[in-house]
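Undergrad: Any chance you can model this:
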Amino acid sequence: MQITNEFEVDQPIGTVWEFFGDIPAVAECLPGTDLTDELGEDHYGGTVAIGLGPVKLDFDGEVKILERNEADKTISVDASGADKKGRGQAAMLLDAGMESAGAGTRVNVAMDLNISGAAAQYGRGLVGDVTSVLLDDFATNVQNRLTAINQGRDPSQVQKVQAASGFAIALRAARMALTRVIRRFFLPYNPEFVQGG
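TA: Predicted structure coming up:
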């Protein structure tokens with residue numbers, strides 16, 4: 001499943017690139033993720049907890065940086081894991097690129113996500129929407145940490161956006177899906193509708 005997203009932070013590209021060099025710190029910005037083990041150069045182990053409606057999945061997994069390109073400000077990541085209760089597996093190839101956006105930085109994310117087991121029953125649309133919800137929370141956490149660094153504060157003391165409950169994530173994802181449906185219905189008849197949402 002191919003998923004793309006982007007977000008902006010109000011820090012210069014050099015600062016954002018340097019921050020993304022610390023993979024465990026970056027992982028802390030994604031709700032439910034904790035990289036605790038260094039398995040080798042650019043290779044980490046840890047856990048990811050995700051709630052999808054009534055199902056909560058706890059993955060043990062690994063993350064490996066496949067490539068960093070400082071000139072182009074791009075990074076490629078391979079991640080995989082298995083649910084601790086044997087209810088599914090997930091594998092992801094992620095490419096992230098950064099570009100200047102005014103005084104800040106735009107981060108473009110493209111991921112190829114493969115899920116089997118309990119999470120797969122929710123289908124492509126909901127899994128994609130849940131991923132977008134988590135990326136929104138991730139972007140907020142990255143911004144907060146970068147702001148703390150810029151102000152000389154300890155970034156580990158910054159209040160993070162907490163991992164939402166499975167119900168809350170499902171509600172936010174359902175709202176995104178409903179918005180898409182409404183846009184598809186109204187857009188052919190009222191092109192200005194898309195400006196409102």
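Undergrad: Tell me how many other residues crowd Ala27.
TA: By other CB atoms under 10 Å, 18 other residues sit near Ala27. Using the backbone N, CA and C atoms, a C-beta is placed for each residue, glycine as well.
Undergrad: Next: Ala148.
TA: Ala148: 16 neighbours (other CB under 10 Å).
Undergrad: Other residues contacting stretch 12-30?
TA: With CB atoms under 8 Å, 6 or more residues apart in numbering as the test, stretch 12-30 has contacts from 9, 33-35, 42, 44, 46, 48, 63, 65, 68, 70, 73, 75, 96, 98-100, 103-105, 107, 134, 137-138, 141-142, 145-146, 149-150, 155, 160.
Undergrad: just checking, which of these belong to strands?
TA: Per DSSP state E, strands hold the following members of the contacts of stretch 12-30: 9, 33-35, 44, 46, 48, 63, 65, 68, 75, 96, 98-100, 104-105, 107.
Undergrad: Buried ones only from those residues, please, as a ChimeraX command.
TA: Remark: buried members of the ones in strands among the contacts of stretch 12-30, expressed as a ChimeraX selection using 16 or more other CB atoms under 10 Å:
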select :9,33,35,44,46,48,63,75,96,98,104,105,107
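Undergrad: Could you list the low-pLDDT ranges of the protein?
TA: When residues are selected by pLDDT under 70, those of the chain lie in 51-55, 118-131, 155-197.
Undergrad: how about the helices in it?
TA: According to DSSP state H, the chain carries its helices in the segments 13-20, 23-28, 123-150, 166-186.
Undergrad: how about the shortest one: buried residues?
TA: Neighbour-count burial for helix 23-28, counted by 16+ other CB under 10 Å, picks out Ile23, Ala25, Val26, Ala27, Glu28.
Undergrad: and the third one, how far is that from Ala139?
TA: Distance from Val26 to Ala139, counting by CB to CB, to the nearest Å: 12 Å.
Undergrad: and Ser116, what is it in contact with?
TA: Gly88, Gln89, Ala90.
Undergrad: Good, we can wrap up now.
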